[in-house]
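Asks: Need a 3D model of the following:
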Amino acid sequence: MNDDFSLQVFQKHLKDLESNFDKYLQRISVGRAQVSLLDGVIVEAYDTKMPLNQMATILVKDASTLQVTPFDTDQIDDICEAITNYDQLDLNPTDDGRIIYIPIPAVTMERRKQIIKNLQAQKEDFLIKLRQHRHHVLKQMNQADLSDDQIGRLSKQVNELTAQIKNNLETVAQAKIEEISNIS
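Replies: Model (predicted):
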């Protein structure tokens with residue numbers, strides 16, 4: 001087992017984990033229309049599941065409205081259904097037969113608390129995944145044909161990388177919580 005290879009793979013897993021958490025945070029609705037809110041919407045059309053952004057153009061019409069223009073207007077009902085059923089958002093799209101309008105509701109104090117609670121649960125899930133990656137790499141190192149000095153040095157590097165990513169996740173989560181809490 002090559003020391004650098006295992007650390008590079010571990011670093012890639014950590015960066016992917018951090019990137020996925022950032023993408024999750026971008027999708028959190030805080031009362032403003034953002035195209036990224038619809039990133040996770042999957043539409044069932046043409047007997048297959050497709051991401052919404054491959055079936056339509058998504059624009060911010062104004063501060064509180066998204067506009068979705070399907071490439072095929074026959075798919076409007078499927079797209080509206082997918083947006084309505086997307087479990088991370090509470091959106092109610094309307095359409096005029098050609099274009100779908102999605103009003104982004106104002107965030108109430110109760111909704112803010114729910115968003116923060118969900119964010120903290122997701123953060124905890126990501127931290128669990130982080131610890132699982134760490135545990136897996138440490139287990140691989142102990143099973144590899146490495147000296148105690150190499151294992152000690154690599155373990156220290158793995159723990160430092162893990163602590164750094166953990167701090168990054170907690171910092172961006174706290175910043176998002178403050179953003180949600182301070183919206184007027």
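Asks: All the helices of the protein, residue numbers only.
Replies: 3-26, 76-85, 109-143, 148-181 (DSSP state H).
Asks: which of those sits most buried?
Replies: Sort these by mean neighbour count, taking mean count of other C-beta atoms under 10 Å, and helix 76-85 sits at the top with a mean of 17. Using the backbone N, CA and C atoms, a C-beta is placed for each residue, glycine as well.
Asks: Just the CA atoms of that helix, as PDB, please.
Replies: Only the C-alpha atoms of helix 76-85 are listed here, as PDB (Å, rounded to 0.1, in the frame of the first residue of the first chain):
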ATOM      1  CA  ILE A  76     -45.200  20.900 -17.500                       C
ATOM      2  CA  ASP A  77     -47.400  18.700 -15.300                       C
ATOM      3  CA  ASP A  78     -44.600  16.200 -14.600                       C
ATOM      4  CA  ILE A  79     -42.200  19.100 -13.700                       C
ATOM      5  CA  CYS A  80     -44.800  20.800 -11.400                       C
ATOM      6  CA  GLU A  81     -45.400  17.500  -9.700                       C
ATOM      7  CA  ALA A  82     -41.700  16.900  -9.100                       C
ATOM      8  CA  ILE A  83     -41.300  20.400  -7.700                       C
ATOM      9  CA  THR A  84     -44.300  20.000  -5.400                       C
ATOM     10  CA  ASN A  85     -43.100  16.600  -4.200                       C
END
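Asks: Please enumerate residues in contact with that helix?
Replies: Outside helix 76-85, the residues that touch it by C-beta atoms under 8 Å, 6 or more residues apart in numbering are 38, 41-45, 52, 55-56, 68, 70, 89, 91-93, 95, 97-98, 100, 102.
Asks: Worst mean pLDDT among the helices of the chain?
Replies: Across those, helix 3-26 has the smallest mean pLDDT, namely a mean of 84.
Asks: That one to helix 109-143, inter-axis angle?
Replies: Relative orientation of helix 3-26 and helix 109-143, computed by axes from the mean of the first three to the mean of the last three C-alpha atoms, to 10 degrees: 170 degrees.
Asks: And the contacts of helix 76-85, which of them are buried?
Replies: 38, 41, 43, 45, 52, 55-56, 68, 70, 89, 91, 93, 95, 100, 102 (16 or more other C-beta atoms under 10 Å).
Asks: What is the lowest-pLDDT residue among those?
Replies: Leu89 (70).
Asks: Quick check: that residue touching Gln34?
Replies: No - assessed by C-beta atoms under 8 Å, Leu89 is found out of contact with Gln34, at 11.0 Å.
Asks: Now render the helices of the chain as CSV, adding distance to Asp62.
Replies: Below are the helices of the chain laid out as CSV (distance: least, C-beta to C-beta, whole Å):
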stretch, distance to Asp62
helix 3-26, 20
helix 76-85, 18
helix 109-143, 20
helix 148-181, 20
